[in-house]
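Novice: Kindly return the folded structure for what I paste below:
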Amino acid sequence: MSALRRAKVELPDVEGSFDCYLGDDRWNGFRCPFFTRAQADVLLEALVKDGTVDRYAWWGDPAEQASYALTLFGDGISESEDIGEAFDSCSRETVDGNLMLWSIGGWCWCWVEEAPPAPKEI
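Specialist: Predicted structure coming up:
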């Protein structure tokens, strides 16, 4: 498995693009991004502002990578406001070294990679 590369992804109906790491993982043709905690916080604030998510919670011990997780809550996420969609952390090799990451919406949301800027003509 090759190291994940830096990229930007977008979700339909959510304003903006989000820094992440991408590999070759796809779900129904859509990308499956991985986010650092800092990248995830930017994404999560955008999802709350947009109304996609009502609230979110980080739980577990950050020092214990295998048990540190994220849960999203909201009408679009779950039938119950007490039950959310959980995303566990994972350790993955990236171009920036081995990092603790979360694949928020990977294998279930319609993530699209942002096209890189066109090269400037000289």
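Novice: what helices or strands is the one helix or strand L72 maps to leaning on?
Specialist: Here L72 sits within strand 69-73, counting by DSSP states H and E. With contacts defined as 3 or more Cβ pairs under 8 Å, 6 or more residues apart in numbering; DSSP states H and E, the secondary structure elements packing on strand 69-73 are helix 37-50, strand 55-59, strand 85-94. (C-beta placed from N, C-alpha, C; glycine too.)
Novice: residue nearest the centroid of the protein?
Specialist: For the chain, the residue nearest the mean C-alpha position is I104 (3.5 Å; Cα atoms, centre = their mean).
Novice: Identify the residues contacting that residue.
Specialist: With contact taken as Cβ atoms under 8 Å, 6 or more residues apart in numbering, I104 is in contact with P33, F35, A40, L43, L44, L70, L72, F87.
Novice: Distance check, the second one against L70.
Specialist: The one in question is F35. Taking Cβ to Cβ, to the nearest Å as the measure, F35 falls 9 Å from L70.
Novice: tell me, what's touching these two both at once?
Specialist: W102, I104.
Novice: Which of these two has more residues huddled nearby?
Specialist: Comparing F35 with L70 by other Cβ atoms under 10 Å, the one with more neighbours is F35, at 25 against 22.
Novice: Could I get the contacting residues of that one?
Specialist: F18, D19, C20, Y21, L43, L101, W102, S103, I104.
Novice: Out of the helices and strands packed on strand 69-73, which gets nearest to C110?
Specialist: Proximity to C110 (Cβ to Cβ) singles out helix 37-50 among these, at 13.8 Å.
Novice: Could you list the residues in contact with that closest one?
Specialist: 13-16, 18-20, 35, 53-56, 58, 62, 70, 72, 100, 102, 104.
Novice: Give me the buried entries from those.
Specialist: In those, burial by neighbour count holds for V14, F18, D19, C20, F35, V53, D54, Y56, L70, L72, W102, I104, counting by 16 or more other Cβ atoms under 10 Å.
Novice: How about the secondary structure of the last one?
Specialist: This means I104. Under DSSP: H, G, I helix; E, B strand; the rest coil, I104 falls in the coil class.
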